[in-house]
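**Student:** need coordinates for the following:
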Amino acid sequence: MRTWSNLFLDITNTSKFGIPPNMGPKAKKVQLYIIFFIAYCNWGVCTYALASIFLESVTCEKINKEKGLHEICGMVTPFWWPYDTIDFYLKMFFNAYEILCIGIYIPPGVSLIVSVWECAETIISKIEHLKEMFKETFEIEELHLQQAHLRRCIQYHQEIIKIIQNWNTENKKCFGQCSSISAITISLITAQFLRIHSIGALIHVFGYTVGVFMLCKAGQMIQDESYNIQDAFLDSKWYTASPKLLKDIKFVILRCQKPLYLQAVPFGTFNFNSLIMIIKTAYSYLTLINNESKYTKI
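**Tutor:** Take a look at the predicted model:
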């Protein structure tokens, strides 16, 4: 978490190149989404717990009779017990402990996922600021001032690239594996919902899918915006620049031809193509699970 804290400080640091005009409005918009998603998480934890305790106990008892299990019904999560009954107060203790563990585990993880999207929005604000600075370069008449301003823009560009690379490294450590396990997770939770019509499963799969969407959305935004920096020159008065200045601009455009990505583990990147692939793979797994279940019943 200390590394993430230092990363947030670097991303939000505007002392060197000024405050991007769109940073404030974007921050307010993202904060509203963060509040909504965290509230959904807390509501989901409570609803999941209540549904598991009161609504799914009937299904649990039925499965125990059919398969001769000793699972204690009326619990938040599946709970095996060596005896057929359990003391009421002990059962309440285990329920409270499970709810506490879920409340400690899920909301912080969700906050970190939303923070990835918040970082992307803040970085995009800096990229938009950089574009405006590139356009301002050609509004300056003196050549030496143009060169100094362009040099400052290039330094800003290099700083943004460094921030994205550091952000990508930390994101890869924490969420890179989502590209390989998300399809399996979504398909299993959806299969549970289709099989026993669990409210908790529905809440879980919706929140998990939105989290994956946020990761892919953040990666797609960074990929597009880092590539589109070169568009600032097309929208400017580049034709008024000196040949010497145009040579420097060529190197900036060449660097923009290689967009920056939010990498996944073990390979690939987070973008909309990855999101479509995850959804298609999850559907394939879900079809396989349903077919296997039907074959087993026969």
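
**Student:** so after the longest helix seen in the chain, what's the next helix or strand?
**Tutor:** Counting residues, the longest helix found in the chain (DSSP state H) is helix 88-137. Sequence-wise, the next helix or strand beyond helix 88-137 is helix 143-175, with elements assigned using DSSP states H and E.

**Student:** buried set for whichever helix or strand comes after that next one?
**Tutor:** With elements assigned by DSSP H and E, the helix or strand that comes after helix 143-175 is helix 178-196. Buried residues in helix 178-196, defined by neighbour count with 16 or more other Cβ atoms under 10 Å: 178-179, 182-183, 185-193. C-beta coordinates here come from the backbone N, C-alpha and C atoms, glycine included.

**Student:** on that earlier part again, the longest helix of the chain relative to helix 178-196, how many degrees between them?
**Tutor:** Interaxial angle, helix 88-137 versus helix 178-196 (axes from the mean of the first three to the mean of the last three Cα atoms, to 10 degrees): 140 degrees.

**Student:** average pLDDT across helix 88-137?
**Tutor:** For helix 88-137, mean pLDDT rounds to 85.

**Student:** in terms of secondary structure, what does that helix contact?
**Tutor:** Packing contacts for helix 88-137, counted by 3 or more Cβ pairs under 8 Å, 6 or more residues apart in numbering; DSSP states H and E, involve helix 2-12, helix 23-50, helix 143-175, helix 199-227, helix 231-234.

**Student:** Throw those into TSV and include mean pLDDT and mean neighbour count, thanks.
**Tutor:** Below are the helices and strands packed on helix 88-137 laid out as TSV (pLDDT from 0 to 100; neighbours: other Cβ atoms under 10 Å):
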stretch	mean pLDDT	mean neighbour count
helix 2-12	83	13
helix 23-50	82	15
helix 143-175	90	16
helix 199-227	89	20
helix 231-234	88	16
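
**Student:** quick one, which of these gets closest to residue 110.
**Tutor:** helix 23-50 (4.8 Å; Cβ to Cβ).

**Student:** give me the helices and strands touching that closest one, please.
**Tutor:** Using 3+ Cβ pairs under 8 Å, 6+ apart, helix 23-50 sits against helix 88-137, helix 199-227.

**Student:** what sits closest to the residue nearest in space to the middle of the chain if chain neighbours are left out?
**Tutor:** Geometric centre of the chain, nearest residue: residue 215, 2.8 Å, by Cα atoms, centre = their mean. The shortest distance from residue 215 to any non-neighbouring residue, by Cβ to Cβ, 6 or more residues apart in numbering, is to residue 270 (4.9 Å).

**Student:** isn't the one you found right up against residue 219?
**Tutor:** Yes: counting by Cβ atoms under 8 Å, residue 219 is a contact partner of residue 270 at 3.3 Å.

**Student:** list residues touching both of those two?
**Tutor:** Both residue 270 and residue 219 are in contact with 261, 262, where contact means Cβ atoms under 8 Å, 6 or more residues apart in numbering.
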